[in-house]
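> structure for the following, please:
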Amino acid sequence: MYEALQTGRRLALRCAALALVCLLCAGPSADAAEVSTGTRMLVPVGHTVGIKLFSRGVLVVKLSEGGTPAKECGLQTGDVIVSCGGTSVNSTEQFQSLLQENGQSPTDLQVRRGDQSVTLSVSPEQNEQGQYSIGAWIRDSMAGIGTVTYYDPETGDFGALGHGITDTDTALLMPFSSGSVLPSTVKAVKKGTAGSAGELRGDFDLTQDIGTLSANTTSGIFGTAETCPETWNSSQTLPAASASEIQEGPAQILSNVEGDTVRSYDIEILNVNCGAADGREMVISVTDPELIAATGGIVQGMSGSPILQNGKIVGAVTHVLLNDPTKGYGISIENMLAASA
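Here you go, the predicted structure:
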């Protein structure tokens with residue numbers, strides 16, 4: 001599963017965690033389905049990338065047991081600490097340094113709780129190592145592997161995953177500050193079976209970015225790449241379909257399940273529910289025997305694989321059914337593009 005790191009950016013970036021790909025998330029906004037994709041021509045990608053994401057503030061993912069300064073001041077799991085003692089917080093290391101500077105003195109924490117801003121006063125205590133702490137586990141970054149859905153050759157914009165990156169402990173959308181995507185190669189596959197999600201296993205190159213992220217939304221992550229990498233199949237463009245054009249019946253997905261190779265695999269769209277509140281607008285079934293033999297069906301890492309039908313990009317793979325890895329869900333490309341605007 002996706003390894004969310006609690007010890008700061010450096011450790012997070014060393015972890016090639018693999019479960020960015022099947023985290024459950026909320027759907028698009030209610031009026032997203034009303035946005036027309038027109039005749040926008042996009043490159044259907046289907047290649048994996050490494051993903052780095054840094055949060056805006058630090059996310060409280062767990063409170064320590066017993067009576068702690070965090071609990072006494074009213075801090076809650078899911079809160080985002082955005083400032084400490086009037087200083088903006090941008091990493092776990094910096095927050096720890098601010099606590100050491102303030103010592104046991106009461107310190108104001110500015111916290112974002114849902115849509116509200118809350119001010120709390122906390123009095124840190126010294127732990128067994130002599131450091132001041134408040135008794136809260138915090139996170140400022142995540143890293144992993146996912147699949148790019150499309151690239152727009154006119155603007156350089158791209159979209160991936162088809163769902164947002166959520167924190168594994170709180171299931172909340174990770175508050176976004178910055179991020180990037182990096183070259184990735186699939187090294188192995190853990191096949192999916194009934195009751196056990198499979199995953200793509202691979203490496204990504206931390207020494208170079210191929211694109212900059214600009215948003216983490218419930219309908220995907222989005223960003224810009226100055227040039228289209230060769231592995232993104234830049235020679236082919238297809239029109240983006242409107243949600244109303246999606247039909248039950250045969251379709252294909254583009255996926256990278258071995259090395260750097262992107263292949264087309266047959267699927268069946270079993271059901272279409274455009275504008276579904278949870279973003280699961282299509283129920284899909286993998287019918288391609290080669291993909292089933294290689295992966296068991298849909299596995300973690302394939303989220304974002306573009307879905308093609310009748311010569312158009314109609315959407316992206318988002319989730320797998322845990323009790324049947326040959327089946328899963330997809331979001332329409334219309335809703336992805338609406339979320340990127």
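
> from here on, just use CA atoms for contacts and neighbour counts.
Fine.

> pull the distance from the helix or strand harbouring residue 334 to the chain's centre.
Element membership for residue 334 (DSSP states H and E) is helix 333-340. Centre-to-centre, helix 333-340 and its host chain are 15 Å apart (CA atoms, centre = their mean, to the nearest Å).

> please apply the same query to stretch 145-160.
That offset, for stretch 145-160, works out to 14 Å (CA atoms, centre = their mean).

> got it, and stretch 187-195?
In terms of CA atoms, centre = their mean, the centre of stretch 187-195 is set 20 Å apart from its chain centre.

> now the terminal residues of it, how far apart.
Distance across stretch 187-195, first residue to last, is 23 Å (CA to CA, to the nearest Å).

> low-confidence stretches in the stretch 201-341 of the chain?
Low-confidence segments of the stretch 201-341 of the chain (pLDDT under 70): none present.

> run through the helices of it in chain order.
Using DSSP state H, counting those that start in this stretch, the helices of the stretch 201-341 of the chain run over residues 289-295, 333-340.

> tell me the most buried of the ones you listed?
helix 333-340 (a mean of 24; mean count of other CA atoms under 10 Å).

> before we move on, the earlier item: turn the helices of the stretch 201-341 of the chain into CSV, including distance to residue 127.
Converted to CSV, the helices of the stretch 201-341 of the chain look like this (distance: least, CA to CA, whole Å):
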stretch, distance to residue 127
helix 289-295, 47
helix 333-340, 44
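
> circling back: which other helices and strands does the helix holding residue 334 contact?
strand 220-224, strand 312-321 (3 or more CA pairs under 8 Å, 6 or more residues apart in numbering; DSSP states H and E).

> looking at the helices of the stretch 201-341 of the chain, which is nearest to residue 71?
With distances scored as CA to CA, the stretch of the helices of the stretch 201-341 of the chain nearest to residue 71 is helix 333-340 (36.2 Å).

> relative to strand 220-224, how tilted is the closest one?
60 degrees (axes from the mean of the first three to the mean of the last three CA atoms, to 10 degrees).

> could you export stretch 277-292 as CSV, CA atoms only?
Taking Å, rounded to 0.1, in the frame of the first residue of the first chain, the C-alpha atoms of stretch 277-292 are listed here in CSV:
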residue,chain,number,x,y,z
ALA,A,277,-21.4,11.9,-7.0
ASP,A,278,-18.4,9.7,-6.1
GLY,A,279,-16.7,10.1,-9.5
ARG,A,280,-17.3,6.4,-10.4
GLU,A,281,-18.9,7.2,-13.7
MET,A,282,-18.1,3.9,-15.4
VAL,A,283,-18.0,0.3,-14.2
ILE,A,284,-15.4,-1.5,-16.3
SER,A,285,-14.3,-5.1,-16.8
VAL,A,286,-10.9,-6.2,-18.1
THR,A,287,-11.4,-8.8,-20.9
ASP,A,288,-7.9,-8.9,-22.3
PRO,A,289,-6.3,-12.3,-21.5
GLU,A,290,-2.8,-10.9,-21.7
LEU,A,291,-3.5,-8.2,-19.1
ILE,A,292,-5.3,-10.7,-16.8
